[in-house]
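>>> show me how the following folds:
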Amino acid sequence: MKYLDTINSPADLRQLPVSALPEVCAEVRQFIIEELSHNPGHLGSSLGAIELTVALHYVFDTPDDRIVWDVGHQAYAHKILTGRRERFHTNRQFKGLAPFPTPLESEYDTCVCGHASNSISVALGMDIGGKVVSGQKSVVSGKHVVAVIGDGAMTGGLAFEGLNNTSMRKNDLLIVLNDNNMAIDPLKGGFTQYLLDITTSSFYNRWRWRLYQLAVRLHLMDEEKKQQMMRRHNNLKSILTKQPNNIFQAMNIRYFGPADGHDVVDLVRIMREIKNHKGPKVLHIITKKGKGYAPAEQDQTTWHAPGEFCVETGERKATHAAKTGVPPLWQEVFGEELLAMAREDARVVGVTPAMPSGCSMSIMQKVFPERVFDVGIAEGHAVTFSAGMAKEGAVVFCNIYSSFLQRAYDNIIHDVAIAQLPVILCIDRAGIVGNDGATHHGLFDLAYLRPIPHLTICAPRTAGDLRAMMRLAPTLGGPVAIRYPRGRSVEDEGLRMKDERPICVGKGVCLREVVITAGELPASSVDLAVLSIGAIGNTVAEAIDLLDERLRIKDKRLNSNDSEGAAWRPHLLENSETSVISPSSCVLHPSSTIAHYDMRWLKPLDEDLLREVGERYKTIVTVEDGVIDGGLGSAVLEWMADHGFTPRVIRLGVRDQFVEHGSTQELYHLLKLDKEGICESLLQALEK
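Residues are numbered from 1 along each chain as shown. So this is what the prediction gives:
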């Protein structure tokens, strides 16, 4: 590409003439489309922010000047222009570029921005903090700080908290509002465009500043009078444009816009004029999500993150997968069951913070739109709003992704649990979610929800379990959390289960017992109990199958009189990276029984089951797809200690770490929570 191949940093970009920038934008757009067609990511948002990104890096002296992105999925062009173009093909891949900007990856990434609405608070802190430090030490002052907020992030309460503080503190923050709402089209007003030209012209702003300075010298102007004058100025602007004051003007934050967010030359002109203005300011730009690629412009929801696709035809490969008859996604099971319950009970309502499609609440929304409430990126409000409806007798299913529910922790405690309101929290994307990485993995929910009084917590292993738990939850009379992972569910048919016990609150189930014999001696004792919760129990079942197979093969070959007996261990290693315990290092009972229990409920725990386990088993292995500190393993340890049992408890889960990005298969393997890793842990647990 003519220009893009020569840009290895924003400094290279700034060497180009302004007239070259439209072509730079076109090349970046084509690069993103081609790369994401075979390496999926967030397409629509990044296509809509290309001209903005080029203008920002052209006008501001990054990385010394700070750009804070919100949210990070609009920042692909930013990555490409800041030295990561040649590695962009690894974006979101295991050991590749991070899915969202992070300071751990680049000095151009000012903060972690995987979740929404934090940019104004972070940027305000940088602006004020930089001034504090530069006043105390020999630090270069005069840095510019820009918060880029868009793609729905202004619906989050944190954005308004930051905005409120921005209006109260002395600062020079520039907030760029990237407005990609197709329903807003203020650029059609001729006088609005004229006013934008005037307020961003160098002549107007130069004389405006000189008059202000003169008034200060003559003691005709102080801070209070300045605020009064700004209000009068905003009122006059409102009258001339026939539009009411917006929230920024009402808070005495100087407002510029709206401007065409796809006119890169004009954006450069505007930013150059306003970047050195004193005081907080907002530049409002209008963009189109998916700009420059017709399929993405026409269906913005689908093309937010479309998966693999054909550039020429716009056909998505994901559409083929839906036709193959594979089990439904977990969120689809939720969506279909919610609709079924809504048909039966007019009190059933759904609440989601800006994720109706992602959590499949859109299935009910299409049939009962008046009973589904998309509250925007506002998780705390979603929980408290649900509490209010539950108080009035509604049967409320509030669906929030696990990592986003972290933002509503106080609301769960203060507004739901204390009053014991029957809000049903459906926690989607629990466990490892894959390529979106540390900011999106749902690893903490079991641990942070377990200490909350009055909250019932469960996790389905199968699609049938999820349906049953959703049906049971409204009958419990208090708050309930149901957590389930991303990906394909597992249907109930054909699964082996020793105990066919139905879903009952606080009751687990013994799925199976496997007797692994060594030699021809009969079974003599029960050695190992495996306690799992949720969908990872299906992986545990596969691990036990693998363990059974390996030990039986080993036993057969150890008792063989031919040369196979000496060759069993290398043969096993050919098919797995898991190291198999050698005969000399592992002494098994004449027979070992491994029992697998699905706990189903983290709170309340099945105390009868735990008592049986404590009496019969010397070794217990707990398995969960979350952090082990505070989760199922901790709960089992605490119960055993409190009730006088002293088994050896081995906890499998995520240790004290943030998990990187990669495919779910790669990450579960990294954490030793795939079937091979769990099998290895069970083998080690059988050592004596």
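>>> any stretches of this structure with poor pLDDT?
Applying pLDDT under 70 to the chain flags residues 136-142, 181-213, 216, 219, 221-245, 318-325, 493-501, 517-526, 553-591, 688.
>>> do that again at 80, thanks
Applying pLDDT under 80 to the chain picks out residues 134-142, 151-152, 181-247, 249-250, 318-325, 492-501, 516-526, 551-592, 687-688.
>>> so the residue nearest the centre of the chain, which of the three states?
Nearest to the mean C-alpha position of the chain, counting by Cα atoms, centre = their mean, stands His440 at 2.9 Å. Secondary structure state of His440, per DSSP: H, G, I helix; E, B strand; the rest coil, is coil.
>>> I figured it was touching Ala116, is that so?
No: His440 lies out of contact with Ala116 (Cβ atoms under 8 Å); the separation is 12.0 Å. Heads up, the C-betas are built off the backbone N, CA and C, glycines and all.
>>> common neighbours of these two, please.
Common neighbours of His440 and Ala116 are not found (criterion: Cβ atoms under 8 Å, 6 or more residues apart in numbering).
>>> rewinding a little: please tell me how far the residue nearest to the centre of the chain sits from Ser403.
Distance, His440 to Ser403, by Cβ to Cβ, to the nearest Å: 5 Å.
>>> and for the two, which residues touch both?
Residues touching both His440 and Ser403 by Cβ under 8 Å, 6+ apart: 429, 433.
>>> what lies in contact with stretch 483-496?
Stretch 483-496 is contacted by residues 326-334, 402, 426-434, 442, 445-446, 457-466, 511-512, 534-535, 538, 541, 625, 664 when judged by Cβ under 8 Å, 6+ apart.
>>> quick one, what contacts the residue nearest to the centre of the chain?
His440 makes contacts with 99, 114, 401, 403, 429, 433, as judged by Cβ under 8 Å, 6+ apart.
>>> the last one: what's it in contact with?
When the contact criterion is Cβ under 8 Å, 6+ apart, the partners of Val433 are 403, 440-442, 485-486, 664.
>>> and it, which of the three is it?
Val433 - assigned by three-state DSSP - is coil.
>>> distance of it relative to Arg66?
Computed as Cβ to Cβ, the Val433 to Arg66 distance reads 29 Å.
>>> repeat for the first one
Taking Cβ to Cβ as the criterion, Pro99 is separated from Arg66 by 21 Å.
>>> and the two? which has more neighbours close in?
Here Pro99 and Arg66 are compared on neighbour count by other Cβ atoms under 10 Å; more neighbours surround Pro99, at 23 against 20.
>>> how about the more buried one: what's its closest non-neighbour residue?
Arg92 (4.5 Å; Cβ to Cβ, 6 or more residues apart in numbering).
>>> isn't the one you found right next to Glu35, touching?
No: with contact defined as Cβ under 8 Å, Arg92 does not reach Glu35; the gap is 10.8 Å.
>>> these two - which one has more neighbours?
Higher neighbour count among Arg92 and Glu35: Arg92, with 21 against 18, using other Cβ under 10 Å.
>>> tell me the SS of that one?
Secondary structure for Arg92, judged by three-state DSSP, is coil.
>>> and it, what does it touch?
By Cβ under 8 Å, 6+ apart, the contact set of Arg92 is 39-41, 98-99, 435-437, 661.
>>> do Gly630 as well
446-448, 450-451.
>>> how much space between it and Leu443?
11 Å.
>>> and stretch 53-67, what's buried?
Under the neighbour-count criterion of 16 or more other Cβ atoms under 10 Å, stretch 53-67 has 53-60, 62-63, 65-67 buried.
>>> now, those that are in strands?
The members of those that map onto strands under DSSP state E are 66-67.
>>> quick one: contacts for the nearest residue to Met251 once chain neighbours are set aside?
Spatial nearest neighbour of Met251, chain neighbours left out: Ser167 (4.0 Å); criterion: Cβ to Cβ, 6+ apart. Counting by Cβ under 8 Å, 6+ apart, Ser167 touches 251-253, 280.
>>> among those residues, which one has the most neighbours?
Pro280 leads these on contacts (other Cβ under 10 Å) with 24 neighbours.
>>> these two touch, right, that one and Leu173?
Yes: counting by Cβ under 8 Å, Pro280 does reach Leu173; the two are 4.9 Å apart.
>>> pull up the overlap in contacts between those two.
Thr166.
>>> gap between the longest helix that the chain contains and the chain center?
Assignment by DSSP state H gives helix 536-558 as the longest helix of the chain. Chain-centre distance of helix 536-558: 35 Å, with Cα atoms, centre = their mean, to the nearest Å.
>>> now that helix: buried residues?
Under 16+ other Cβ under 10 Å, the buried positions of helix 536-558 are 536-541, 543-544, 546-547, 550-551, 554-555, 557.
>>> would you map the strands across the stretch 351-500 of the chain?
372-374, 395-401, 423-430, 456-458, 480-485 (DSSP state E, counting those that start in this stretch).
>>> now do the longest one and strand 395-401, the angle between them.
An angle of 20 degrees separates the directions of strand 423-430 and strand 395-401 when computed by axes from the mean of the first three to the mean of the last three Cα atoms, to 10 degrees.
>>> what helices and strands are in contact with strand 423-430?
Packing partners of strand 423-430 (3 or more Cβ pairs under 8 Å, 6 or more residues apart in numbering; DSSP states H and E): helix 330-344, helix 379-391, strand 395-401, helix 402-405, strand 480-485.
>>> which one of those lies nearest to Ile418?
helix 379-391 (10.0 Å; Cβ to Cβ).
>>> centre of the chain to that closest one, how far?
Its chain's C-alpha centre and that of helix 379-391 lie 21 Å apart, by Cα atoms, centre = their mean.
>>> and the contacts of that helix?
For helix 379-391, contacts defined as Cβ under 8 Å, 6+ apart pick out 157, 349, 351-353, 373, 375, 396, 398, 400, 404-405, 407-408, 410-412, 415-416, 419, 421-423, 425.
>>> show the buried residues in those residues.
Looking at these with 16+ other Cβ under 10 Å, the buried ones turn out to be 349, 351-353, 373, 375, 396, 398, 400, 404-405, 407-408, 411-412, 415-416, 421-423, 425.
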